[in-house]
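>>> structure for this input, please:
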Amino acid sequence: MKIFRGSFWSGDSVHSFFISYILGSIFIVLLSRVEISFSCLKIVGMLFIFYAFPVCLLLFSEFYIIEFDDTLVVKNAICPFWKKKIYFKDVVKINVVYLGGYAVPYMRIITDKKWACRYYINRVKRKQLPELVDSLRAKGIDVDARGIDMLK
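Next up is the predicted model:
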């Protein structure tokens, strides 16, 4: 069993979530000190919109990989019940793409049942991506790795 996972603070989206949380808190404090005729419902609505994007970003980009002898488990770091177990015998091709910079790497798994899903694997350390690709190729899986060569 091999786990490809970084620490909680290693993800890029975690930082953007906490920065927006801090800015939103400062916004609330400043707004409470100013005499504006906003109703409480409008303020709550603005804050909901302000916080909705980072929360969704966190939920959909925080996946990591657990590799067993015959299966690949893609698991969410925030919601541990959100996971997908894929058998290597069912996999046709895996695309691992990292575009560099602040882009979040993703893994697209294509199975023989004509099912394909994209997982944003922000929780996997960038230095572990070449090791992940080599490990999958050693299992005999067709892996298309784009942008991984810049991490070696």
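>>> switch to C-alpha atoms for all contacts and neighbour counts from now on
OK.
>>> contact partners for the residue nearest the centre of the chain?
In the chain, the centroid-proximal residue (CA atoms, centre = their mean) is Ser61; its distance is 2.0 Å. By CA atoms under 8 Å, 6 or more residues apart in numbering, the contact set of Ser61 is 13, 104, 119-123.
>>> mind checking how far the nearest residue to Arg146 once chain neighbours are set aside is from Lys139?
Using CA to CA, 6 or more residues apart in numbering and skipping residues adjacent in sequence, the residue nearest Arg146 is Val97, 4.8 Å away. Per CA to CA, to the nearest Å, Val97 is found 19 Å from Lys139.
>>> so where's the chain uncertain?
For the chain, the stretches with pLDDT under 70 are 10-17, 32-41, 53-54, 57-58, 152.
>>> quick one: the helices in it?
Counting by DSSP state H, one finds helices in the chain at the ranges 12-33, 40-61, 129-138.
>>> give me the neighbour count for Lys75.
When counting by other CA atoms under 10 Å, one arrives at 21 neighbours for Lys75.
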